[in-house]
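> dropping the sequence and predicted coords here.
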Amino acid sequence: MNKFSRELPAGSRSVDEITGGRRLRRMRKTDWSRRLVRENRLTVDDLIWPLFLIDGENRREPIGAMPGVFRLSVDVAVREAERAVKLGIPAIATFPNVDMALRDETGSAILDPDNLINRATRAIKDAVPEIGIITDAALDPFTSHGHDGILREGIIVNDESVAQVTAAAVLQAAAGADIVAPSDMMDGRIGAIRDALDANGFQDVAIMAYATKFSSAFYGPYREAIGTKGVLKGDKNTYYLDPANADEAVREAEQDLAEGADMLMVKPGLPYLDIVRRLKDEFAVPTFAYQVSGEYSMIKAAGQNGWLDGERAMMESLLSLKRAGCDGILTYFAAEVAERLKA
């Protein structure tokens with residue numbers, strides 16, 4: 001026995017007696033053995049890349065609250081979509097920053113077949129038809145008050161908002177969207193959109209339901225990105241989910257599936273891993289999470305300040321979403337992660 005050796009106190013059981021001979025560290029001993037028994041893996045196939053759009057040409061406008069993320073004119077967005085294909089990213093999701101002159105109380109510009117989001121879809125599909133395009137049919141980028149629905153006397157009116165979002169979804173499908181992802185959380189929107197898509201010959205266009213979109217503090221940088229941060233009147237508590245409610249989230253998801261949703265999304269991601277797991281266990285359908293702007297910005301800022309290893313935190317955060325049950329993740333890290341996985 002050397003001077004560093006220690007014996008268990010007399011009468012104590014040995015480690016093998018305590019563990020029954022099951023030494024779980026054996027498979028953690030080496031890199032190859034850890035890789036061999038790894039339960040979850042993040043691959044490029046898990047990534048959906050959100051892109052922010054602006055009018056103009058050859059514009060790449062930085063977003064202050066989201067280091068490394070830009071608002072892109074349509075021509076630049078096309079080049080980024082081409083880059084995504086080369087990296088193996090399966091799909092992108094587009095979000096417009098609409099000129100304030102085009103915004104009004106009802107978000108009527110969402111019904112323009114040639115609006116920013118539809119122009120981008122057509123241009124990207126023309127250049128890289130093999131990439132999936134996911135569009136958001138919500139009104140908030142188009143309204144002068146920043147809400148996801150039509151505002152009447154201080155109230156977000158549900159049915160009128162659904163009618164507008166439904167018409168917009170058909171236009172987005174006509175422009176070439178592969179998946180429509182309404183994020184407004186209005187009651188009945190999924191069924192109305194499914195009926196309208198089918199009636200207009202878009203049976204193959206899928207619906208990704210923002211089934212459990214919580215009234216979260218983590219959306220701040222996104223609102224800066226799409227230009228609603230300074231114009232939002234009040235809050236969204238009457239239609240987004242209360243962060244305290246898990247059972248209600250399950251009921252929302254069940255309702256969206258009953259109305260015809262093809263897949264579910266949880267938003268935000270990291271604060272709601274329990275919801276991801278519950279939905280996957282309960283329904284066993286394709287389940288996604290949106291790693292939202294606040295999650296991205298926290299990790300980026302902490303990494304840039306040297307407070308943590310930003311790259312490791314990025315990968316760990318995404319892996320946690322996979323472990324919770326996600327089939328895919330919308331993340332602003334998509335291109336960065338794809339580059340790392342490719343290396």
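Arrived safely, thanks for sending. Just so we're clear, the structure is a prediction, and the values are computed from it rather than from any experiment.
> neighbours around D114, how many?
10 (other Cβ atoms under 10 Å). C-beta here means a position set from N, CA and C on the backbone, and glycine is covered the same way.
> quick one: what helix or strand has the nearest residue to T228 once chain neighbours are set aside in it?
Of all residues not flanking T228 in the chain, G146 sits nearest, at 3.8 Å (Cβ to Cβ, 6 or more residues apart in numbering). Element membership of G146 [criterion: DSSP states H and E] is none; it lies in no helix or strand.
> for V231, see how far away G146 is.
Going from G146 to V231 by Cβ to Cβ, to the nearest Å gives 5 Å.
> same deal with A65?
16 Å.
> how about G88?
From G88 to V231 the distance is 38 Å (Cβ to Cβ).
> now do R25
56 Å.
> mind listing what's buried in the longest helix belonging to the chain?
Using DSSP state H to define each element, the chain has its longest helix at helix 158-175. Buried residues in helix 158-175, defined by neighbour count with 16 or more other Cβ atoms under 10 Å: 158, 161-175.
> circling back to that earlier point, show me which of A65 and V231 is the more surrounded one.
The residue with more neighbours, out of A65 and V231, is A65; 18 against 15, by other Cβ under 10 Å.
> now do the helices in the stretch 201-343 of the chain.
220-226, 247-259, 273-283, 293-304, 310-324, 334-342 (DSSP state H, counting those that start in this stretch).
> what helices and strands are in contact with the fifth one?
Pointing back at helix 310-324 there. helix 273-283, strand 287-291, helix 293-304, strand 328-331, helix 334-342 (3 or more Cβ pairs under 8 Å, 6 or more residues apart in numbering; DSSP states H and E).
> who's in contact with that helix?
39-42, 46, 269-270, 273-274, 276-277, 280, 289, 291, 295, 299-300, 302-304, 329, 331, 333, 336-337, 340 (Cβ atoms under 8 Å, 6 or more residues apart in numbering).
> let me know the distance separating R119 from D159.
Applying Cβ to Cβ to R119 and D159 gives a distance of 29 Å.
> look at the nearest residue to P286 once chain neighbours are set aside and say how many residues are nearby.
Of all residues not flanking P286 in the chain, M263 sits nearest, at 3.9 Å (Cβ to Cβ, 6+ apart). M263 has 19 neighbours, counted by other Cβ under 10 Å.
> so in terms of bridging, what pairs with M263?
Counting by DSSP bridges, M263 forms beta bridges with M208.
> quick one, what contacts E80?
E80 neighbours (Cβ under 8 Å, 6+ apart): W49, L51, L72, I92, A335.
> just checking, V128 touches R79?
No: counting by Cβ atoms under 8 Å, R79 is not a contact partner of V128; they are 9.8 Å apart.
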